[in-house]
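Enquirer: just to be clear, the model below is a prediction. Sequence and coordinates:
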Amino acid sequence: MRKAKGFAFGSFASRKINAKICAFLLMLSLVFPAAALSSPGDPLTWRDSTWDYRSEDSSDVLSEIKPWRMAGVASLTLVSYGVAYGFVLKKGWWDESERGFHIQNDFDYALNLDKLGHFAAGVAFAEFFYEGYRWAGASEFQSYLFAGASALATHIAIDIKDGFAPKWGFSFVDVLSGGLGGFLPMAERYVPLFKYIDLKWSYWINSNAYYNQEHSASDGIFTDDYVNHTYWLSVKPYRLLPETARKYYPSWLAIAVGLSIDDGVFTGAKNPHREVYIALDYDLEAFRPQSRLARTIIKALNYFKLPAPTIQVYPKFNWYLLYPIKF
């Protein structure tokens with residue numbers, strides 16, 4: 001009986017592996033013909049030209065600050081903070097009484113992957129603020145600068161609140177991580193290095209280890225579910241190649257290196273560890289957005305690492321057809 005079960009499982013596993021291999025070969029068959037069909041006359045991507053896809057067309061936006069619009073941005077920000085606190089942040093803080101303000105730099109929590117989480121949150125805040133300030137008429141540079149400062153101020157406010165929580169504390173490192181993230185959009189606009197790289201995030205629930213814990217709220221919040229978070233550095237080979245070689249490589253195909261953690265962090269395993277991945281990625285800027293609305297949408301979507309063939313290289317070797325979805 002045991003032998004029959006083992007044979008059935010082996011047959012199932014073999015079919016699953018064969019299906020993955022076939023799907024992976026199909027993916028390659030779609031990718032490399034695209035490279036072959038590229039012609040030397042293809043226009044350069046926006047960051048290879050004198051006009052950056054993130055730069056603003058003066059005809060698309062106001063040239064001077066409108067006080068009533070700035071007031072509208074401030075009002076919407078306060079409302080957003082209230083909604084975020086009521087439906088998300090309060091759940092992640094506590095239900096019991098406060099304690100006195102205290103400092104707690106949690107260097108061992110989630111193997112420090114949470115610092116990348118704070119960084120990503122800073123990016124999201126800054127992009128939100130940037131669009132508001134630009135709509136209100138601030139210059140491009142002013143909007144990026146004010147957005148970064150606003151994201152930093154938001155993190156300071158959140159961590160001050162954490163400083164009174166019974167299970168948390170004010171963390172200078174968390175504030176620094178979020179503050180640096182707040183200035184990433186500005187760096188992506190003005191620092192040449194970011195012509196060649198993107199920072200991205202992916203999330204998919206493959207493990208319930210975090211949600212199976214006891215939380216102040218009944219079900220926890222996804223922002224702390226670091227077991228299912230992966231943070232990526234995406235490199236754009238097309239932009240690194242000399243112009244004569246670019247016809248052989250699709251402009252939209254990038255290579256990403258990702259960092260995550262295993263669920264032992266939340267299950268109490270003796271030696272929880274980090275996980276390192278290498279994956280194919282998509283540079284959405286290669287679609288060359290024209291209008292300001294299209295550029296804004298691409299800018300937002302390009303922060304997300306979309307599912308793609310992926311290899312896990314540490315601490316063990318594995319591969320997935322559409323990571324972060326594991327099947």
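Expert: Yep, that arrived.
Enquirer: pLDDT weak spots in the stretch 51-200 of the chain?
Expert: 51-53, 56-63, 83-99 (pLDDT under 70).
Enquirer: if you set the cut-off to 80 instead, what comes out?
Expert: Filtered on pLDDT under 80, the stretch 51-200 of the chain yields the residue ranges 51-64, 76, 79-102, 105-108, 161-168.
Enquirer: quick one: the helices in it?
Expert: Counting by DSSP state H, counting those that start in this stretch, one finds helices in the stretch 51-200 of the chain at the ranges 67-84, 90-93, 113-135, 140-162, 172-182, 184-190.
Enquirer: any chance of these in a markdown table, with mean neighbour count too?
Expert: In this view, the C-beta of every residue, glycine as well, is placed from N, C-alpha and C. Converted to a markdown table, those look like this (neighbours: other C-beta atoms under 10 Å):
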| stretch | mean neighbour count |
| --- | --- |
| helix 67-84 | 12 |
| helix 90-93 | 18 |
| helix 113-135 | 21 |
| helix 140-162 | 19 |
| helix 172-182 | 21 |
| helix 184-190 | 19 |
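Enquirer: what's F266 in contact with, if anything?
Expert: Neighbour list for F266: A209, Y210, N212, Q213, V227 [criterion: C-beta atoms under 8 Å, 6 or more residues apart in numbering].
Enquirer: hmm, try it at 7 Å
Expert: Residues in contact with F266, defined by C-beta atoms under 7 Å, 6 or more residues apart in numbering, are A209, Y210, Q213, V227.
Enquirer: Y133 too?
Expert: By C-beta under 7 Å, 6+ apart, the residues touching Y133 are V73, Q142, S143, F146, A147.
Enquirer: next, work out how far apart the first one and V235 are.
Expert: As defined by C-beta to C-beta, to the nearest Å, V73 lies at a distance of 35 Å from V235.
Enquirer: ok, R288 next?
Expert: Here R288 is placed at a distance of 20 Å from V235 (C-beta to C-beta).
Enquirer: quick one: A300 and A138, what's the gap?
Expert: Distance, A300 to A138, using C-beta to C-beta: 20 Å.
Enquirer: more crowded one of these two?
Expert: Shown here are A300 and A138; by other C-beta atoms under 10 Å, A138 has more neighbours (24 against 14).
Enquirer: so that one touches E64, yeah?
Expert: No: contact between A138 and E64 fails when scored by C-beta atoms under 7 Å: they sit 8.9 Å apart.
Enquirer: check whether K305 really touches Y231, as I assumed.
Expert: No: between K305 and Y231 there is no contact under C-beta under 7 Å: 8.7 Å.
Enquirer: if we can go back for a sec, would you check which pair of the contacts of Y133 lies furthest apart?
Expert: Using C-beta to C-beta, those reach their maximum pairwise distance at V73 and Q142, which is 13.0 Å.
Enquirer: what helix or strand is the residue nearest the centre of the chain on?
Expert: By C-alpha atoms, centre = their mean, the chain has its centre lying nearest to W201, at 2.4 Å. In this structure, W201 sits in strand 197-203 according to DSSP states H and E.
Enquirer: any buried residues in that strand, and which?
Expert: By neighbour count on 16 or more other C-beta atoms under 10 Å, the buried set for strand 197-203 is I197, D198, L199, K200, W201, S202.
Enquirer: list of residues touching that strand?
Expert: For strand 197-203, contacts defined as C-beta under 7 Å, 6+ apart pick out 120, 184, 222, 228-236, 256, 302-305, 324.
Enquirer: which of those residues fall within strands?
Expert: Mapping the contacts of strand 197-203 onto strands (DSSP state E) picks out H229, T230, Y231, W232, L233, S234, V235, A256.
Enquirer: against W201, how distant is the first one?
Expert: From H229 across to W201, the span is 7 Å (C-beta to C-beta).
Enquirer: low-scoring stretches of the stretch 201-327 of the chain, by residue?
Expert: Filtered on pLDDT under 80, the stretch 201-327 of the chain yields the residue ranges 214-220, 288-292.
Enquirer: ok, which stretches of it are helices?
Expert: Using DSSP H, counting those that start in this stretch, helices in the stretch 201-327 of the chain cover 237-240, 264-267, 292-301.
Enquirer: closest one to G100 among those helices?
Expert: Nearest of the helices of the stretch 201-327 of the chain to G100, taken as C-beta to C-beta: helix 264-267 at 28.2 Å.
Enquirer: turn the helices of the stretch 201-327 of the chain into a markdown table, columns for distance to Q104.
Expert: Formatted as a markdown table, those follow (distance: least, C-beta to C-beta, whole Å):
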| stretch | distance to Q104 |
| --- | --- |
| helix 237-240 | 42 |
| helix 264-267 | 18 |
| helix 292-301 | 33 |
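Enquirer: which of these sits closest to D281?
Expert: helix 237-240 (10.4 Å).
Enquirer: report the buried residues of the closest one.
Expert: P237, Y238, R239.
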